[in-house]
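Student: just need the structure, nothing else, for what follows:
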Amino acid sequence: MASIAQRIRKIRLLRKMTQRELGLALGFTDRTSDIRIAQYENGSRTPKEHYIEGLAYVLSVSTTSLTAPDVRDDYDMMHVLFELEDKYGFRINARLTRLLRRSAFRCFITDYRHGEEST
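Tutor: As a prediction, the model looks like this:
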């Protein structure tokens with residue numbers, strides 16, 4: 001998955017906006033608008049929450065489109081699953097458990113559940 005930096009750039013280009021246009025739309029000065037967006041897009045700076053909301057509004061996307069978790073490996077996926085469980089009551093069923101047994105997830109899920117394997 002893409003990082004927030006990659007998502008900002010991709011969506012900005014889909015909207016056919018320059019970095020300067022996007023920066024100005026967010027309220028940055030003419031002198032700094034393109035610099036700030038370039039920093040967001042190259043990852044040297046991460047936008048604060050209110051700028052994420054502004055980016056989403058200007059780019060006509062939800063904030064989730066910009067901030068969805070970046071799942072690069074088993075650890076990241078594990079944290080996504082735990083977040084789903086905490087926020088939405090998501091439970092790992094027997095079928096998913098069988099799939100997860102094939103990867104490093106099994107030991108993490110077992111540890112997380114304090115020795116109780118979810119079925």
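Student: run through the protein and note the low-pLDDT ranges.
Tutor: 1, 69-70, 92, 94-119 (pLDDT under 70).
Student: domain map for it?
Tutor: Annotated domains of the chain cover 4-67, 74-112 [automatic domain parsing].
Student: would CSV of the ones you listed with mean neighbour count be doable?
Tutor: Any C-beta I mention is one placed from the backbone N, CA and C, and that applies to glycine too. Shown next, in CSV, are the domains of the chain (neighbours: other C-beta atoms under 10 Å):
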stretch, mean neighbour count
domain 4-67, 16
domain 74-112, 14
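Student: longest helix of this protein?
Tutor: Looking across the chain with DSSP state H, the single longest helix is helix 74-88.
Student: with just CA atoms, put that one into CSV.
Tutor: C-alpha atoms of helix 74-88 as CSV (Å, rounded to 0.1, in the frame of the first residue of the first chain):
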residue,chain,number,x,y,z
ASP,A,74,2.8,-9.3,8.7
TYR,A,75,3.3,-7.0,11.6
ASP,A,76,1.4,-4.2,9.9
MET,A,77,-1.4,-6.6,9.0
MET,A,78,-1.6,-7.8,12.6
HIS,A,79,-2.1,-4.3,13.8
VAL,A,80,-4.8,-3.7,11.2
LEU,A,81,-6.6,-6.8,12.4
PHE,A,82,-6.3,-5.7,16.1
GLU,A,83,-7.6,-2.2,15.2
LEU,A,84,-10.6,-3.8,13.4
GLU,A,85,-11.2,-5.9,16.5
ASP,A,86,-11.0,-2.9,18.9
LYS,A,87,-13.1,-0.5,16.8
TYR,A,88,-15.7,-2.8,15.2
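Student: which strands and helices lie in contact with that helix?
Tutor: For helix 74-88, the elements it packs on are helix 105-112, judged by 3 or more C-beta pairs under 8 Å, 6 or more residues apart in numbering; DSSP states H and E.
Student: how about 10 Å then?
Tutor: helix 94-101, helix 105-112 (3 or more C-beta pairs under 10 Å, 6 or more residues apart in numbering; DSSP states H and E).
Student: do you know how far Leu13 is from Asp73?
Tutor: Per C-beta to C-beta, to the nearest Å, Leu13 is found 27 Å from Asp73.
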